[in-house]
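# Structure of the sequence below:
(3 chains)
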Amino acid sequence: MTQATAPKSVARKPQTPLAEFWSYFIKNRGALIGFCFIVFIVLIAVFANFVAPHHPHEQFRDFILVPPAWAEGGNAQFWLGTDGVGRDILSRLIHGARLSLLIGLVIVTVSLVLGICLGLVAGYFGGFVDVTIMRFADILLSMPALLLAIAIVAILGPSIVNSGLALSLVYLPHYIRLTRASVMTELNKDYVVSSRVAGAGSLRLMFITILPNCLAPLIVQATLGFSNAILDMAALGFLGLGAQPPLPEWGTMLATAREFIQSAWWVVTFPGLIILVTVLAFNLMGDGLRDALDPKLKQ
Amino acid sequence: MTETDKSLLKVHNLSVTFGTHDNPFTAVDRISFHVEQGEVLGIVGESGSGKSVSSLALMGLIDFPGRVTADELRFKDTDMQTLNEKARRKITGDDISMIFQDPMTSLNPSFTVGNQIMEAIEVHQGGSKKERLAKAIDLLRQVGIPAPESRINNYPHQLSGGMSQRIMIAMAIACDPKLLIADEPTTALDVTIQAQIIELLLTLQREKNMGLMLITHDLALVAEAADRVVVMYAGQIVESGPASEIFKAPKHPYTQALMNSLPESAEGQNRLNALSGVVPGANDRPDGCLLNPRCPYATDRCRVEEPEQLGPPGRQVKCFYPLDESGRPTV
Amino acid sequence: MLQYFLRRLGMVIPTFIGVSVFTFALIYMIPGDPITIMGGERGFSADQRVELEIMLGLDKPIWQQYFVYLGNVLQGDLGTSFVTRQPVLSEFMTLFPATIELTVCAAIFAVVTGLTLGILAAIKRGSILDHTVMTISLAGYSMPIFWWALLLILLFSVNLGWTPVSGRLDVLYWVDEVTGFMLIDTLLSDEEGAFTSAVSHLILPSLVLGTIPMAVIARMTRSSMLEVLGEDYIRTARAKGLSKRRVIVKHALRNALIPVITVMGLQVGLLLSGAILTETIFAWPGIGKWLIESIGRRDYPVVQGGLLLIASIIITVNLLVDLMYGVVNPRVRHSK
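Residues are numbered from 1 along each chain as shown, chains lettered A, B, ... in the order given. Have a look, this model is predicted:
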């Protein structure tokens, strides 16, 4: 018998990048929990109209400051109780999810897209263009995000739109820097040089050749940026500069809840809790993405 | 020299395993060897052979989740396995010391080299700052560093690779060790510097009558410098014996392959003699003899049964069919 | 090292100019023109307008106005509050010590707690302690700071009655303002119990403000320590037979702390913007509360001046942190 013994384990077929990424990602329990929660809350936000038991702006004059259903004096109609003008807190939270997620998406998208464009241009062309763009980014970065946003909103006038605009501007430099750094690393690599030699134009080089290889840190930053957007948006709402009442934005809900801190703890607790949990979920997912997209770090 | 009661270091069935319960990885598999006072033991093997891990195990530097087991781990009269942590640390850096492969990263960038050498002296020998400083300067002189009084205040990033390795050596011999372990001391250095460092190591070894464990993948180096040699493959010792004998007439097919893959052996040929295949990794250790997938002389028995060490103590081979003087397996 | 210093200093100047341009431009971003805004509700007559225009130099081209503005700023004139008619700078200086006191206490809390937790988590990697620290840290920077404050007030002030709800000092104490720092002033005064009152008022705000920086520092310290502990020179230190404590404290910490210092510096910006929220909730009379109130009152010179001052402070602190990094990192210290 001259059969060769096969080695103990069978060599595995190489996975596609997506499958490899997913298998790393799942191993991170926290990231998985975060991801599931985000899916859950996105679904709630999308189907808010069906999920919420009441209309978020409807005031039940007979049911002002009702405690949560399980507490003394609670009412099964209002699971989480009602606020100072008799609005159902649960419904407001659900509709608030839609607001927060939507505005977060807009903020991140705008700053991401603009940031990528500026970063690509800065990294690719270098020279005076680079210096100007980076100076601009540095100036924005020298002022703390919230402070800058407050200043801009103060000038433009408090509203959810202006807050969104302000935050988009404030997050911009992070994406510019990130993109530029990636671009500069990739610029000297062989595949770029060979594309250029083959005659590819600037636009094509920037967006089609280089950009896909810079995406990993950008995706991580965007996810973490989402959680920042939610937090900062809520902060602006709390200060009266963001979404204006009666919009059920979570931060704005907390602003009006302040006076009830001694009398109605549920008006204060639940909006903040949902902010914490949502931001936590995004941070967990962002961390998981970072670890999965750069396995070197994990080991 | 054979193993005796007076041996400096005696190791029997040393094993180091990593990994989890369901997926254990044996980096070092029941190796046994000894080092005598004043002799140079060469440990030869490719990467993945477990040679570095063995030395780390000797120094007590294997951390969880690695596990070190041995039937005997004896340094002079002391059974190292019965020592508590404090007692172990007393020997480490004092009676047994070690130098590593990359001197540039092995020195702490935040402290001067003088500080780091004096620290070794302080911990094991004590003495006033003046005394330690004088000793440190003297050590620098012993390892051939010019102008030691000024060099002593340099930071590691101000030194070249060769200088850094000299500093490492100075640190290692600071407390007059009986045994010095050198793990690939010249691999990261330029070729011209390599010879100098080896020369320095051997001179110091002779002067101080130290035992020297020279771990390397460089056969030529071992042939020149070592008294005895141990050849490792995939965590096991496949051949051991006096250097002169091993290189003149290797008995294990792997040793033979190593000798053949030297460029000198391929003079006149178009291609180098490379052994096909690769060193087995954690998950593809074959049954029987670990070399069997690559060994040109493998038989069915080799594929199923693990060979034992054959031969007299002092000249052993882990093979069923050790090669004879003409390089052919005995049947 | 000198080169490093000079280069860093050089970068500060254009940044500062950029910030001043931004604050200057703020007024022009407001819908409406500056004079109408200044006029407020009553407005000005046509003659008054012309007078004001000339006085404020609004008839000159915009870039010239900027240089006038910049010149004023560099001389310390940051405008006058619409509301109190006091110079912005002097109002700022009066209120700033309160913010400093709060920020410093929060920073001390953040650094001490963060470093300790981070180091412990790194040494006992994978243990329950490690996971707990990581969870606390994650929760810490996912937390909306204003809600955390309300929660703590609810728990400690309302339910347990351990700490006061707002302000810097109990109303029944009257203390001379010598330094502006309540902790020092109460010690200097003869009033019994004033110091304790000052301390108890500082506890919750400092805790709240310091939570996010603490979380960031803990995380950063842990990952930096873990990285350093895996370095070759740690293996060398152990091979020399050094005790575990010596390896960690002398060899590891020294190198692990270098990147953490940079992070700590960046936290100052976070602390100052967090102070805005914290001061609002705890009715802490510092520049954060002042800024927010001015926004509500449309007191634009204050907004403009306050922003410029805060930004300048942050730029300066970042510069100092960079310089300190240059001193601490031997590679930079010993370069040309």
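# alpha carbons only for contacts and neighbour counts from here, please
Noted.
# Now the stretch 51-200 of chain A against chain B: closest residue?
A:Thr185 (24.7 Å; Cα to the nearest Cα).
# Which residue comes closest to the residue in the stretch 51-200 of chain B that chain A sits nearest to once chain neighbours are left out?
Scanning the stretch 51-200 of chain B for the residue nearest chain A gives B:Pro65, at 13.9 Å (criterion: Cα to the nearest Cα). Distances taken as Cα to Cα, 6 or more residues apart in numbering or on different chains put B:Phe18 closest to B:Pro65, at 5.9 Å, once the chain neighbours are dropped.
# What's the first helix or strand after the helix or strand hosting B:Thr255?
Assigned by DSSP states H and E, B:Thr255 belongs to helix B:253-260. Next helix or strand after helix B:253-260 toward the C-terminus (DSSP H and E): helix B:300-304.
# avg pLDDT for the next helix-or-strand element following that next one?
Next helix or strand after helix B:300-304 toward the C-terminus (DSSP H and E): strand B:309-310. Mean pLDDT, strand B:309-310: 84.
# circling back to that earlier point, and for the helix holding B:Thr255, what are the contacting residues?
Helix B:253-260 is contacted from outside by B:219, B:231, B:233, B:238-239, B:247, B:250, B:265-266, B:273-275, B:291, B:295, B:297, B:322-323, B:327, using Cα atoms under 8 Å, 6 or more residues apart in numbering or on different chains.
# go on, stretch C:154-165?
Under the criterion Cα under 8 Å, 6+ apart, residues A:261-262, A:265, C:153, C:200-201, C:203-204, C:282 lie in contact with stretch C:154-165.
# Return the member of these nearest to chain B.
Comparing these against chain B with Cα to the nearest Cα places C:Ile203 closest, at 37.2 Å.
# Mind giving me the packing neighbours of the one helix or strand that closest one maps to?
Counting by DSSP H and E, the element that carries C:Ile203 is helix C:194-229. Contacts defined by 3 or more Cα pairs under 8 Å, 6 or more residues apart in numbering or on different chains; DSSP states H and E place helix C:194-229 against helix C:88-123, helix C:128-142, helix C:145-152, helix C:182-188, helix C:253-282.
# before we move on, the earlier item: just the pLDDT at the residue of the stretch 51-200 of chain A closest to chain B, thanks.
With respect to pLDDT, A:Thr185 scores 80.
# Enumerate the positions of the helix or strand hosting it that are buried.
For A:Thr185, the element it lies in under DSSP H and E is helix A:160-187. By neighbour count with 16 or more other Cα atoms under 10 Å in any protein chain shown, helix A:160-187 contains the buried residues A:160, A:162-184, A:186-187.
# Residue ranges in the chain under the pLDDT threshold?
Here I'm looking at chain A. A:1-15, A:17, A:294-299 (pLDDT under 70).
# hmm, I had chain B in mind actually
Low-confidence segments of chain B (pLDDT under 70): B:1-3, B:5, B:272.
# For it, just list every one of the strands.
For chain B, applying DSSP state E gives strands covering B:9-19, B:24-35, B:40-44, B:67-69, B:72-75, B:78-79, B:96-99, B:179-183, B:211-216, B:228-233, B:236-242, B:309-310, B:316-318.
# Tabulate these (CSV), appending mean neighbour count.
Converted to CSV, those look like this (neighbours: other Cα atoms under 10 Å in any protein chain shown):
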stretch, mean neighbour count
strand B:9-19, 20
strand B:24-35, 20
strand B:40-44, 27
strand B:67-69, 17
strand B:72-75, 20
strand B:78-79, 12
strand B:96-99, 26
strand B:179-183, 25
strand B:211-216, 25
strand B:228-233, 26
strand B:236-242, 25
strand B:309-310, 16
strand B:316-318, 23
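# Adding distance to C:Val19, write these out as TSV.
TSV is the format used below for the strands of chain B (distance: least, Cα to Cα, whole Å):
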stretch	distance to C:Val19
strand B:9-19	55
strand B:24-35	59
strand B:40-44	64
strand B:67-69	59
strand B:72-75	68
strand B:78-79	70
strand B:96-99	54
strand B:179-183	56
strand B:211-216	60
strand B:228-233	65
strand B:236-242	67
strand B:309-310	77
strand B:316-318	75
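# Looking at those, spot the one closest to C:Met134.
With Cα to Cα, the closest approach to C:Met134 among the strands of chain B belongs to strand B:9-19: 24.2 Å.
# can you pull the contacts of A:Gln59?
If you count contacts by Cα under 8 Å, 6+ apart, A:Gln59 has them with A:85-88.
# Check whether the residue nearest to B:Pro65 really touches B:Arg67, as I assumed.
Yes: counting by Cα atoms under 8 Å, B:Phe18 does reach B:Arg67; the two are 6.5 Å apart.
# can you tell me which residues contact the most centrally placed residue in chain A?
By Cα atoms, centre = their mean, chain A has its centre lying nearest to A:Phe226, at 1.0 Å. Residues near A:Phe226 by Cα under 8 Å, 6+ apart: A:104-105, A:108, A:282.
# redo that, cut-off 7 Å
If you count contacts by Cα atoms under 7 Å, 6 or more residues apart in numbering or on different chains, A:Phe226 has them with A:104, A:108.
# Beyond the strand or helix carrying it, next helix or strand please.
Secondary structure from DSSP H and E places A:Phe226 in helix A:215-238. Using DSSP H and E, the helix or strand that directly follows helix A:215-238 along the chain is helix A:250-257.
# Give me the buried subset of the contacts of A:Gln59.
A:86-88.
# can I get the residues you listed in TSV with secondary structure and distance to A:Ser23?
What follows is the buried ones among the contacts of A:Gln59, written out as TSV (DSSP: H, G, I helix; E, B strand; the rest coil; distance: Cα to Cα, whole Å):
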residue	secondary structure	distance to A:Ser23
A:Gly86	coil	48
A:Arg87	coil	44
A:Asp88	strand	42
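# which of these come close to chain B?
Among these, none lies close to chain B by the criterion of Cα under 7 Å from any Cα of the partner chain.
# just these now: which is nearest B:Pro312?
Nearest to B:Pro312 out of the buried ones among the contacts of A:Gln59 is A:Asp88 (Cα to Cα; 89.4 Å).
# Can you tell me the closest non-neighbouring residue to the closest one?
A:Thr82 (4.6 Å).
# so what's the one you found up against?
Going by Cα under 7 Å, 6+ apart, A:Thr82 touches A:64-67, A:88-89.
# what's the spacing between it and A:Leu99?
Separation of A:Thr82 from A:Leu99 (Cα to Cα, to the nearest Å): 20 Å.
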